[in-house]
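[1] need a 3D model of the following:
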Amino acid sequence: MKAIIIAAGLGNRLMPLTNDKPKCLLEIGGKTIMQRQLEVLRQCDIDDVVVVRGYRKEMINYPGIKYYENTDYENNNILRSLFYADNEMGDGFIFSYSDIIFEQGILEKLLRSGADISLVVDVDWISHYEGRLLHPIGEAELVEVENGKITKIGKKICPANSAQGEFIGLAKFSKTGAEILRANYQRIVAEYHGRAFQQAAAVEKAYLTDMIQELVNLGYEIHSVDIKGGWVEIDTPEDLERAKKLQM
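    The predicted model follows:
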């Protein structure tokens, strides 16, 4: 299976640490976030890796990786970034944010999912926000789940008091799942051009979670792969220090 990692963003919340480098190149224990992701992917026999880069793109230059360039990264968001690698989705793929570190067991559990679209959801998510002042719960991509299927997802659509978990930024699309994603993305780009889409002010500003909610609304089954910890997001200097202490 192929992996597509989205690494185009500016990493504003990590400045000044990201003044001269993308956040996926920040180091934890002598290894960059990207290196740690690549190691886990290879431990799971995923050697076909695609990276969509944008900000300081020349610095993300690992051998054996195929690169796509998000040339308008300052004006778009994760969903648009993903579709710069549209041609790589055909046989299915693993999707990953570039600012997360996760244990091998999490990826192995995701790979075992037989669903067409599966998202990794941390059901122990509340504990990650204790003392996390720079990234409040309001910024979490929360989910509601019923019988193993996601019914709501997103930063604004799912209230914290009704959430069963948090989407960690790791997902799997089968060949059929990728076809569903691509067909509906093409549709929404035409249908929502110049206007709001789900929780985003415009299609270009949409997150993957906006697209997932659209698929849920259309009746597609989105499977929740539940975990309890074993991962960390690095979105702020506070998160970086926490990740160093966890020694993942």
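[2] which parts of this structure are helices?
    With DSSP state H as the criterion, the chain has helices at 33-43, 78-82, 104-112, 175-191, 208-217, 237-246.
[3] which residues sit against the third one?
    In this structure, residues lying in contact with helix 104-112 by Cβ atoms under 8 Å, 6 or more residues apart in numbering are 1, 40-41, 43-44, 94, 118, 120, 168, 170-172, 225, 227, 230-231. To be clear about C-beta, it is placed using only N, CA and C from the backbone, and glycine gets the same treatment.
[4] repeat the analysis, applying 6 Å as the threshold.
    Residues from elsewhere that reach helix 104-112 (Cβ atoms under 6 Å, 6 or more residues apart in numbering): 40, 43-44, 120, 172, 225, 227, 230.
[5] and those residues, which of them are in strands?
    Applying DSSP state E to these, the entries found in strands are 120, 172, 225, 227.
[6] count the neighbours of the closest residue to Asp48 other than its chain neighbours for me.
    Among residues not flanking Asp48 along the chain, Lys2 sits closest, at 4.4 Å (Cβ to Cβ, 6 or more residues apart in numbering). Lys2 is flanked by 20 other residues according to other Cβ atoms under 10 Å.
[7] quick one: Lys2 and Ile94 touch, right?
    No: applying Cβ atoms under 6 Å, one finds Lys2 not in contact with Ile94, separated by 7.1 Å.
[8] list the contacts for Val49?
    Counted by Cβ under 6 Å, 6+ apart, Val49 has contacts 3, 65.
[9] distance check, it against Gly229.
    Counting by Cβ to Cβ, to the nearest Å, the separation of Val49 from Gly229 is 25 Å.
[10] repeat for Glu238
    According to Cβ to Cβ, Glu238 and Gly229 sit 18 Å apart.
[11] how about the helices of the chain in JSON lines, adding mean pLDDT, mean neighbour count and distance to Ala163?
    As requested, the helices of the chain are exported to JSON lines (pLDDT from 0 to 100; neighbours: other Cβ atoms under 10 Å; distance: least, Cβ to Cβ, whole Å):
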{"stretch": "helix 33-43", "mean pLDDT": "97", "mean neighbour count": "19", "distance to Ala163": "26"}
{"stretch": "helix 78-82", "mean pLDDT": "97", "mean neighbour count": "23", "distance to Ala163": "20"}
{"stretch": "helix 104-112", "mean pLDDT": "98", "mean neighbour count": "16", "distance to Ala163": "19"}
{"stretch": "helix 175-191", "mean pLDDT": "97", "mean neighbour count": "16", "distance to Ala163": "23"}
{"stretch": "helix 208-217", "mean pLDDT": "98", "mean neighbour count": "21", "distance to Ala163": "13"}
{"stretch": "helix 237-246", "mean pLDDT": "84", "mean neighbour count": "16", "distance to Ala163": "20"}
